[in-house]
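>>> Only the shape, not the letters, is given here:
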């Protein structure tokens, strides 16, 4: 049976943590930053853990991670 392919977009967006969860960057940091408060931008810098409901779909996209 051939190898499964990993989703190329998911490879770039998700990283697996030591405990087996997935983390990703938060949205809204690409443009239109002048209207956002410094506090809001500061909090958007941190990575976010993928929600429990979405974990299965991310796992299917990254079978070998």
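Sure, I can see it. Quick caveat, the model's predicted, so the values are computed rather than measured. Numbers count the residues shown, from 1 in each chain.
>>> dump the residue contacts of residue 52.
Listed by CB atoms under 8 Å, 6 or more residues apart in numbering, the contact set of residue 52 is empty. (C-beta placed from N, C-alpha, C; glycine too.)
>>> repeat that with 10 Å
Taking CB atoms under 10 Å, 6 or more residues apart in numbering, we find residue 52 in contact with residue 21.
>>> can you check residue 49 too?
For residue 49, counting by CB under 10 Å, 6+ apart, the contacting residues are 17, 19, 21-24, 55.
>>> What's the separation between residue 57 and residue 31?
Note on residue 57: its distance to residue 31, by CB to CB, to the nearest Å, is 27 Å.
>>> Looking only at neighbour counts, state which of the two leads.
residue 57 (11 against 6; other CB atoms under 10 Å).
>>> For that one, pull up the helix or strand it's in.
helix 55-61 (DSSP states H and E).
>>> what's that helix packed up against?
Applying 3 or more CB pairs under 10 Å, 6 or more residues apart in numbering; DSSP states H and E, one finds that helix 55-61 contacts helix 8-13, strand 22-25.
>>> Give me the buried positions along the longest one.
Residues 10, 13 are the ones in helix 8-13 that count as buried (16 or more other CB atoms under 10 Å).
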